[in-house]
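Undergrad: turn this into a structure:
(2 chains)
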Number of protein chains: 2
Amino acid sequence: MKPNFSLRLRVFNLNYWGIPYLSKHRAERLTRLGDFLNMESFDLALLQEVWSEYDFQYLKQKLSPTYPAAHYFRSGIIGSGLCVFSKHPIQELTQHVYTLNGYPYMIHHGDWFCGKAVGLLVLHLNGLVVNAYVTHLHAEYSRQRDIYLAHRVAQAWELAHFIHHTSKKADVVLLCGDLNMHPKDLGCRLLKEWTGLCDAYLEAQDFQGAEDGCTMVPGNCYVSQQDLELFPCGIRIDYVLYKAVSGLCISCKTFKTTTGHDPNHGGPLSDHEALMATLCVRHSPPQQDPSPTSGPGEKSPLTGVLREAWSELGQGMAQARWWATFASYVIGLGLLLLALLCALAAREGAKEVAILLWTPNVGLVLGAGVVYLFHIQEAKGLCRAQAELQHVLGQAKEAQEPDQEREAAPLQGLREGEGLKEQ
Amino acid sequence: MKPNFSLRLRVFNLNYWGIPYLSKHRAERLTRLGDFLNMESFDLALLQEVWSEYDFQYLKQKLSPTYPAAHYFRSGIIGSGLCVFSKHPIQELTQHVYTLNGYPYMIHHGDWFCGKAVGLLVLHLNGLVVNAYVTHLHAEYSRQRDIYLAHRVAQAWELAHFIHHTSKKADVVLLCGDLNMHPKDLGCRLLKEWTGLCDAYLEAQDFQGAEDGCTMVPGNCYVSQQDLELFPCGIRIDYVLYKAVSGLCISCKTFKTTTGHDPNHGGPLSDHEALMATLCVRHSPPQQDPSPTSGPGEKSPLTGVLREAWSELGQGMAQARWWATFASYVIGLGLLLLALLCALAAREGAKEVAILLWTPNVGLVLGAGVVYLFHIQEAKGLCRAQAELQHVLGQAKEAQEPDQEREAAPLQGLREGEGLKEQ
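TA: Modelled structure (predicted):
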């Protein structure tokens, strides 16, 4: 590594709101987005909600002179909606599809059909390994009664875990996307605490954009004012997060958001605001590592948030089991009705009614069977995330015990210095 | 890292065949397995097909004095069947569930319901980071007409990719499990070529066990002779694979398999044979790295196998699209019939028949809808794997081009030495 090198990374992130036939002015916004990206020539442009692969192909072709590398992350039935355009060659890429992502019978919400995921691309820039992640978590349709909270927390945990396990040799980690979580939400805190990622909006030396860095603002003509009823100034749910390994210093020089219209003061590019960050990485003498990824549980905020997440997942699990039990009762009742209908069919008078009701009843039993299996799988997914959290909490407890011993050491006049060195 | 240290790792792997109510002598085999593992005190015991969590809990309790750390990998509806028991503390753990894993309507095969996965545990042993992976891929029900081939190849690719991305800081990588592939099968070659993992059976300095290292042998009373019709001596589908980073030398001192009965000459522990390997890791001066993971495409066998996999996935994709198209025709036909039935219901004579046929027809349309969505998702999953392979092949091509330039250089009297240094 060159001691006096520096890396400047200009990043663009946008939830593009590209639902075919439903999103307003999609084609026109796509053209303007392409023009803007070409004009600005970012190092990386990361997009969410590019639901149509035709839109991606259009952008890929249009942007190819400026961004020779591009990738579309396919998953689920509709697709993850994630794609990336890079000025630099993509060395490696992979993706992880979240285990839990809503319910298939909530068709009007549609998240389940997308196969929400996190995409990873590895870039080699100025001798540094940069791991860039792009993601989109489950939407929040009601803040007061959020039936997807446990799923989103599980997704945040999977995301944090995926970053943790795949970025061990990365010098710089960058995460962009629509997390569908406010900055103080449980999943957001869990993600930041466990990965040690910094929030570009909070760290930026120069910020220009919407009030409080909001990424869905009332001034945007595509935003339903009903959605912002509780937050009249807007909400911040899209993020640029980053960190660097010890020995490197990363800072956010500038951070911009659009403010309800496109950067050239035309109509908005999407119902979300675009984020633009300039990150600088330079060599710095190794200091005390502020990242909690070096080992779990040294810090109590992490332990606290892990416990909170554990408990939230537990509530989700109880809910999932309740639904599975309910479905199993419906199956039992349906089977009982089927037997009754068979008996009725034998009698002359009720034959027709019995035959008529037989097929919908079979449908009911089969439907309840599918619901049962789905919620069993949901409970297993939540239990898996809980077990992983439990393991980390166990590690934290073990790590704290020697800490406590060390804290007690000075009182006993024991080798405090050595103890601290071992940390 | 200590230059003169050495690490000896004793590993046990078994597909335990633990299907509740179906697998013969399950409880008795479980008791004997527990006794054997306690007696042998391996460093790691990795099991597949532990379908019942009660069986895992029984083993966990029984083995806790010898193996204080244990984990059960939950996924899908039934579970992945994977679990691990470790003599050493597990530092970290995670899992990845394969995107494609058979068809839900193939209920008699059941793989889809399991949520087949790969589990990862990170151990710190003698100052070394050991990444141990345990997995179980989709079963092969017919070798002549294997409808799951594309799925298994996609799983092998995901497995290789997962290992590649999560083991970048590991000193030693260990993969155990039932791959459901013969050594020369495409998926197996893809996995080995892309990860650089060595086969313990082939590398072992001292081998004892079944002929040709087979892990399903005709001498095992639980093995159906019909399944081995094409391979009368048995098949090798369970593996212990390993590698170490440059600067470390890893070797397989001993490799044993059971031979149709348990190691104490009782009845077999399972329908698969158990594998027992002793691996030795020691410091060695860095040599030319034989692992292809350092960068794709330096070697042509890797490129060849990548191309073969790409083409196999393409065939799977064509098949998936065919089924999606077929289902869409059925949907169209069903909707036409529904309209016809509505018209018939208006007539007096055919009213009853029309009403009677209406519900099964709705069922047909809904069923075909589910089949359509499933195969669309299957095609997307295969397309995703193909795109990843395509990216690696693109990298390989780019890497080969400078190689070709270098090869041409001596003829032109150009700086060959420098070119090679740059490699």
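Undergrad: check whether the helix or strand harbouring residue A:340 comes near chain B.
TA: Assessed by DSSP states H and E, residue A:340 sits inside helix A:300-346. No: Helix A:300-346 stays clear of chain B (C-beta under 8 Å from any C-beta of the partner chain), getting no nearer than 10.5 Å. C-betas here are computed from N, CA, C, even on glycine.
Undergrad: that helix - contacts with which helices or strands?
TA: Applying 3 or more C-beta pairs under 8 Å, 6 or more residues apart in numbering or on different chains; DSSP states H and E, we find helix A:300-346 packed against helix A:149-166, helix A:186-195, helix A:351-408.
Undergrad: distance between the longest one and the chain's centre?
TA: It refers to helix A:351-408. Offset of helix A:351-408 from its chain centre (C-alpha atoms, centre = their mean, to the nearest Å): 20 Å.
Undergrad: the stretch 51-200 of chain A: helices as residue ranges?
TA: For the stretch 51-200 of chain A, applying DSSP state H, counting those that start in this stretch gives helices covering A:53-63, A:111-114, A:149-166, A:186-195, A:200-203.
Undergrad: the first one - what's its average pLDDT?
TA: What helix A:53-63 shows for mean pLDDT is 96.
Undergrad: so which bits of it are buried?
TA: A:55, A:56, A:58, A:59, A:60, A:62, A:63 (16 or more other C-beta atoms under 10 Å in any protein chain shown).
Undergrad: so residue A:218: helix, strand or coil?
TA: coil (DSSP: H, G, I helix; E, B strand; the rest coil).
Undergrad: what sits up against stretch A:225-240?
TA: Residues from elsewhere that reach stretch A:225-240, judged by C-beta atoms under 8 Å, 6 or more residues apart in numbering or on different chains: A:11, A:13-15, A:140, A:143, A:174-183, A:199-201, A:210-218, A:252, A:255, A:272-273, A:275, A:277.
Undergrad: can you say which of these are buried?
TA: The buried subset of those - by 16+ other C-beta under 10 Å - is A:11, A:13-15, A:140, A:174-181, A:183, A:199-201, A:210, A:213-218, A:252, A:255, A:272-273, A:275, A:277.
Undergrad: which residues touch the closest residue to chain B within the stretch 1-150 of chain A?
TA: In the stretch 1-150 of chain A, no residue comes nearer to chain B than residue A:74, which is 4.2 Å away by C-beta to the nearest C-beta. Contact analysis of residue A:74 by C-beta under 8 Å, 6+ apart lists A:53, A:80, B:380, B:381, B:383, B:384, B:387.
Undergrad: do that again at 7 Å, thanks
TA: Taking C-beta atoms under 7 Å, 6 or more residues apart in numbering or on different chains, we find residue A:74 in contact with B:380, B:383, B:384, B:387.
Undergrad: residues in chain A within reach of chain B, list them.
TA: Counting by C-beta under 7 Å from any C-beta of the partner chain, chain A comes close to chain B at A:74-77, A:79, A:93-94, A:96-97, A:99, A:161, A:165-166, A:168-169, A:355-356, A:359-360, A:363, A:373, A:376-377, A:380, A:383-384, A:387-388, A:391.
Undergrad: show me where chain A dips below the pLDDT cut-off.
TA: A:1-5, A:286-299, A:402-423 (pLDDT under 70).
Undergrad: helix, strand or coil for the most far-flung residue of it relative to its centre?
TA: Residue farthest from the centre of chain A, counting by C-alpha atoms, centre = their mean, is residue A:348 at 60.0 Å. Assigned by three-state DSSP, the conformation of residue A:348 is coil.
Undergrad: tabulate the contacts of residue A:74 (CSV), appending distance to chain A.
TA: Shown next, in CSV, are those (distance: C-beta to the nearest C-beta, whole Å):
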residue, distance to chain A
B:380, 5
B:383, 5
B:384, 4
B:387, 7
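Undergrad: now do the strands in the stretch 1-150 of chain A.
TA: A:6-15, A:44-48, A:69-73, A:82-86, A:92-97, A:117-125, A:128-136 (DSSP state E, counting those that start in this stretch).
Undergrad: tell me the strands beside the first one, with direction?
TA: It stands for strand A:6-15. strand A:44-48 (parallel), strand A:275-283 (antiparallel) (DSSP bridges).
Undergrad: out of those, which one sits most buried?
TA: Most buried of these by mean neighbour count (mean count of other C-beta atoms under 10 Å in any protein chain shown) is strand A:44-48; its value is a mean of 27.
Undergrad: weed out the non-buried ones from the residues of chain A next to chain B.
TA: Among the residues of chain A next to chain B, those classed as buried by 16+ other C-beta under 10 Å are A:74-77, A:79, A:93-94, A:96-97, A:99, A:161, A:165-166, A:168, A:359-360, A:363, A:373, A:376-377, A:380, A:383-384, A:387-388, A:391.
Undergrad: quick one, phi/psi of the spatially most central residue of chain A?
TA: Residue closest to the mean C-alpha point of chain A, counted by C-alpha atoms, centre = their mean, is residue A:137 at 3.7 Å. Reported as degrees, to the nearest 10, the phi and psi values for residue A:137 are phi -90, psi 170.
Undergrad: ok, the one 4 residues further on next?
TA: Main-chain dihedrals, residue A:141, degrees, to the nearest 10: phi -90, psi -20.
Undergrad: show the contacting residues for the closest residue to residue A:272 other than its chain neighbours.
TA: Distances taken as C-beta to C-beta, 6 or more residues apart in numbering or on different chains put residue A:15 closest to residue A:272, at 3.9 Å, once the chain neighbours are dropped. If you count contacts by C-beta under 7 Å, 6+ apart, residue A:15 has them with A:48, A:49, A:178, A:238, A:270, A:272.
Undergrad: again, only using 10 Å
TA: Contacts for residue A:15 (C-beta atoms under 10 Å, 6 or more residues apart in numbering or on different chains) come out as A:47-50, A:81, A:136, A:177-178, A:180, A:215-216, A:237-238, A:269-275.
Undergrad: repeat that for residue A:208.
TA: A:254, A:255, A:256, A:257, A:259, A:276.
Undergrad: quick check, nearest of these to residue A:24?
TA: residue A:259 (18.7 Å; C-beta to C-beta).
Undergrad: tell me how many other residues surround that closest one.
TA: Counted with other C-beta atoms under 10 Å in any protein chain shown, residues neighbouring residue A:259 total 19.
Undergrad: distance check, it against residue A:253.
TA: Distance of residue A:259 to residue A:253, computed by C-beta to C-beta, to the nearest Å: 20 Å.
Undergrad: how far away is residue A:67 from residue A:127?
TA: 22 Å.
Undergrad: more neighbours, those two?
TA: Set side by side, residue A:67 and residue A:127 show more neighbours around residue A:67, with 22 against 10, by other C-beta under 10 Å.
Undergrad: that one touches residue A:42, doesn't it?
TA: Yes: shown here, residue A:67 and residue A:42 form a contact pair, counting by C-beta atoms under 10 Å, at 8.1 Å.
Undergrad: got any residues that touch both of those two?
TA: Joint contacts of residue A:67 and residue A:42 (C-beta under 10 Å, 6+ apart) are A:85, A:86, A:87.
Undergrad: now do the contacts for the last one.
TA: When you say that, I think you mean residue A:87. Contacts for residue A:87 (C-beta under 10 Å, 6+ apart) come out as A:10, A:41-45, A:63, A:66-69, A:123, A:125.
Undergrad: for those, which two are the farthest from each other?
TA: A:63 and A:125 (18.7 Å).
Undergrad: find the nearest non-adjacent residue to residue A:324, please.
TA: residue A:375 (4.0 Å).
Undergrad: brilliant, that's me finished.
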